[in-house]
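this one's structure only:
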Ligand SMILES: Nc1ncnc2c1ncn2[C@@H]1O[C@H](COP(=O)(O)OP(=O)(O)O)[C@@H](O)[C@H]1O
Ligand SMILES: Nc1ncnc2c1ncn2[C@H]1C[C@H](O)[C@@H](COP(=O)(O)OP(=O)(O)O)O1
Ligand SMILES: [Mg+2]
């Protein structure tokens, strides 16, 4: 795919220097669900790379038509496309006074993380939602009943799992070595999983703080 790069002024984002959390895990591991809970409690900005890509597809652009084919195949879209969409969204959020970011579904390969961190700023922590393949498949198939997503079908789910095992699994080792990885056992209920998440965010933001979600 011919990559058209955008010129994005990152100065406001770099000056804000707010905490950044990468949120990783297999398809259906609960990244989006837990991010919603985190946003309610801590008022952070939630950016899902998948949602940004789906919005690009919805826009009806020529690029969107190329993206949907890649997503249906369960493969990763080119790094530059995702990173530019994330940068643009982050700059918009920071101008509104963001306190920090949940970057959900990114990095999906080690190179994505390295490039983000060198072009923007290092991540504070990487939250990894650890779930068995069996549970991932079950949750995605259940989500398929209502999501309308082109990739929530058994053929694409299998390909996404292969992509996850090949490209994304090394991301966890990469950040473990940097002592930034938080591995969350994510088979339980949404509340149970969230209770494993909050201590790590409290280490960054303080435990008694109810950050105003509206601020
Ligand atoms: N702890 C959980 N137990 C059961 N179902 C869950 C849990 N967390 C999320 N789900 C459901 O599983 C599906 C995938 O969750 P989602 O947050 O979209 O995951 P991801 O963003 O990692 O793909 C959704 O239908 C969601 O409602
Ligand atoms: N960081 C990224 N790099 C490359 N492709 C990405 C990407 N984030 C999302 N995609 C593409 C490939 C994914 O299979 C698809 C759906 O992503 P998603 O919405 O984050 O899935 P899920 O929430 O089920 O984990 O979009
Ligand atoms: Mg998601």
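Arrived safely. Please read these numbers as outputs of a predicted model, since none were measured by experiment. Ligands and ions are numbered 1, 2, ... in the order given.

Mean pLDDT per helix and strand in this protein: which one sits at the bottom?
Every helix and strand of the chain was ranked by mean pLDDT, DSSP states H and E. The lowest is helix 62-72, at a mean of 94.

If you count contacts, what does that one end up packed against?
helix 49-58 (3 or more CB pairs under 8 Å, 6 or more residues apart in numbering; DSSP states H and E). For glycine as for every other residue, the C-beta is placed from the backbone atoms N, C-alpha and C.

hmm, back to that, any idea of the angle the least confident helix or strand of the chain forms with helix 49-58?
If you take axes from the mean of the first three to the mean of the last three CA atoms, to 10 degrees, helix 62-72 sits at 130 degrees to helix 49-58.

continuing past helix 62-72, what's the next helix or strand?
Sequence-wise, the next helix or strand downstream of helix 62-72 (DSSP states H and E) is helix 79-95.

What residues sit buried inside whichever helix or strand comes after that next one?
The first helix or strand that comes after helix 79-95 along the chain, using DSSP H and E, is strand 101-104. For strand 101-104, the neighbour count (16 or more other CB atoms under 10 Å) marks 101-104 as buried.

What are the buried residues along the helix or strand following strand 101-104?
Heading C-terminal from strand 101-104, the first helix or strand you meet, by DSSP H and E, is helix 110-119. By neighbour count on 16+ other CB under 10 Å, the buried set for helix 110-119 is 110, 112-113, 115-116.

do stretch 33-40 as well
Those buried within stretch 33-40 under the rule 16+ other CB under 10 Å are 33-35, 37-38.

That one vs ligand 2: in contact?
No: Stretch 33-40 does not reach ligand 2 (CB under 6 Å from any ligand atom); its nearest approach is 9.5 Å.

begin at 325 from here
Renumbered: residue one is now 325, and that last one reads stretch 357-364.

related to what we said a few turns ago, among the buried residues of strand 425-428, give me the pair with the biggest separation.
The distance between the two most remote of the buried residues of strand 425-428 (CB to CB) is 9.5 Å, for 425 and 428.

any shared contact partners between those two?
Common neighbours of residue 425 and residue 428 (criterion: CB atoms under 8 Å, 6 or more residues apart in numbering): 370-371.

hmm, back to that, ok, of the buried residues of strand 425-428, which one's closest to ligand 2?
residue 428 (6.7 Å; CB to the nearest ligand atom).

how about that closest one, what does it touch?
Contacts of residue 428 by CB under 8 Å, 6+ apart are 347, 355-356, 359, 370-375.

In stretch 377-397, which residues are buried?
Buried residues in stretch 377-397, counting neighbours by 16+ other CB under 10 Å, are found at 377-378, 380-381, 387, 390-392, 394-395.
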